[in-house]
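Undergrad: This is a predicted model, with the sequence first.
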Amino acid sequence: MGRVVAYIALQQFCEEDVRPRQALEAAGFEVRHNTLGRRLRREEMAEALQGADAVLAGVEPYDAALLAALPRLRCISRCGTGTDSIDLDAAARQGIAVYTTPNEVVEPVAQLTIAMILAIARNLPLHAKDAWEGRWTKRTGFLLAEWTIGLVGFGRIGRTVARHLSSFRPRIAVCDPFLQQRDIPEGVELRELAVLLAESDLVSLHVSRDRELGALIGRNELAMMKRGSYLVNTARGFLVDEAALYDAIMREHLAGAALDVFGDEPYTGPLATLPQVLCTPHVATLTKASRAAMEYQCAKRVVEHFQRQDAAVGTAAGRAPIAQGAK
């Protein structure tokens, strides 16, 4: 095949490690990239990706209409684990392969979740705001051992969060419709969602869910939560009805929340104005080591995809195939 054009849609790339770009260039690819310094908007994507054979993608949307406007596109490599921003059916119809980097996100997301839980338990957002505004206010916090912490979703990230939490000795309950109690580690309790919400002092979301299904935590679910409890979301923004969460906090039904993801990003809504809500700008995977590893694996999957395609063509034409493990 001709020279492969790889478009890097990510707003941050190779800031910590040049190997991802080197892997693409060493394979002979023409590398183009997002120069805007921000996430691409949907209306900008068709023009930006024209002529691309592959895209190294973030969480920008790849819907059916966009994919239809990109006839050369053969590979989407997501720098991350979720594919809810990609129309997988449309991609399959067009023969576009979709890859993710699931292993590299587990530890950084779990660690940010733990940081948020500890920050909430010890009122760090409120203490920091008080100090910033010149007040010396002391607020009594909690030991995690005083709490029941509910984890909604118990895949790799949920399990890693539970493992880190265990040293603090809270009661840990989990909800996962795909698991039975025999699949759950000793000391962790399996609960239905309604029971978990009612019993937990803090609920943390680690679930995969199709965007079309809407919010998992809406007004009804928030009403089920224990009065004075907290919500943490480092999974997907659309899992939470943000307007309902704002109302629940304003009514003091919930004591606060910690959110790294939002339905619309960058987020500029009212939750960011509440001192009892800790908001971060979708940075759960943004550590030097994890970001470098994710970007390298993202680039490597693109290279290997086209090596496999070239090998198949070469075999059919009687040429020697390129080794799939080549860097």
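TA: Cool, got the structure.
Undergrad: can you tell me the helix or strand for the nearest residue to residue 254 once chain neighbours are set aside?
TA: The shortest distance from residue 254 to any non-neighbouring residue, by Cβ to Cβ, 6 or more residues apart in numbering, is to residue 248 (4.5 Å). All C-beta atoms are positioned from the backbone trio N, CA, C, and that covers glycine. Assessed by DSSP states H and E, residue 248 sits inside helix 242-250.
Undergrad: Can you list the neighbours in contact with that helix?
TA: 215, 217-219, 222-223, 225, 231, 254-257, 262-263, 269-271, 274, 276-277 (Cβ atoms under 8 Å, 6 or more residues apart in numbering).
Undergrad: And stretch 19-31, by the same measure?
TA: Under Cβ under 8 Å, 6+ apart, the answer for stretch 19-31 is 3-6, 8, 13-14, 54, 56, 292, 295-296, 298-300, 302-303, 306-307, 327.
Undergrad: returning to what we had before: give me the pLDDT for the residue nearest to residue 254.
TA: The predicted structure scores residue 248 at 99 on the pLDDT scale.
Undergrad: one step back: quick one, the next helix or strand after the helix holding residue 248 and helix 242-250 angle?
TA: Of the helices and strands lying after helix 242-250 in sequence (DSSP H and E), the nearest is strand 254-259. In terms of direction (axes from the mean of the first three to the mean of the last three Cα atoms, to 10 degrees), strand 254-259 departs from helix 242-250 by 140 degrees.
Undergrad: nearest residue to residue 12 other than its sequence neighbours?
TA: residue 291 (7.4 Å).
Undergrad: Okay, and the one you found sits in which element?
TA: Here residue 291 is assigned to helix 288-316, by DSSP H and E.
Undergrad: Now find how far off-centre that helix is within its chain.
TA: 21 Å (Cα atoms, centre = their mean, to the nearest Å).
Undergrad: what's the average pLDDT for that helix?
TA: Here the average pLDDT along helix 288-316 is 83.
Undergrad: cool, and stretch 194-206?
TA: The model assigns stretch 194-206 a mean pLDDT of 99.
Undergrad: Same check on stretch 81-96?
TA: 94.
Undergrad: Next: stretch 226-237.
TA: Per-residue scores along stretch 226-237 average to 98.
Undergrad: Where does the prediction get shaky in the stretch 1-150 of the chain?
TA: 1-2 (pLDDT under 70).
Undergrad: check contacts around residue 95.
TA: Here residue 95 is in contact with residue 74 (Cβ under 8 Å, 6+ apart).
Undergrad: Now with 10 Å, please.
TA: 73-75 (Cβ atoms under 10 Å, 6 or more residues apart in numbering).
Undergrad: That one belongs to a strand?
TA: No - counting by DSSP: H, G, I helix; E, B strand; the rest coil, residue 95 is not part of a strand but coil.
Undergrad: Does residue 190 touch residue 178 like I think?
TA: No - proximity of residue 190 to residue 178 does not meet the contact threshold set by Cβ atoms under 10 Å, at 11.1 Å.
Undergrad: Show me which of the two is the more surrounded one.
TA: residue 190 (17 against 8; other Cβ atoms under 10 Å).
Undergrad: How about the more buried one: which residues does it bridge to?
TA: Counting by DSSP bridges, residue 190 forms beta bridges with residue 174.
Undergrad: Would you mind measuring from residue 64 to residue 97?
TA: When distance is defined by Cβ to Cβ, to the nearest Å, residue 64 is 16 Å away from residue 97.
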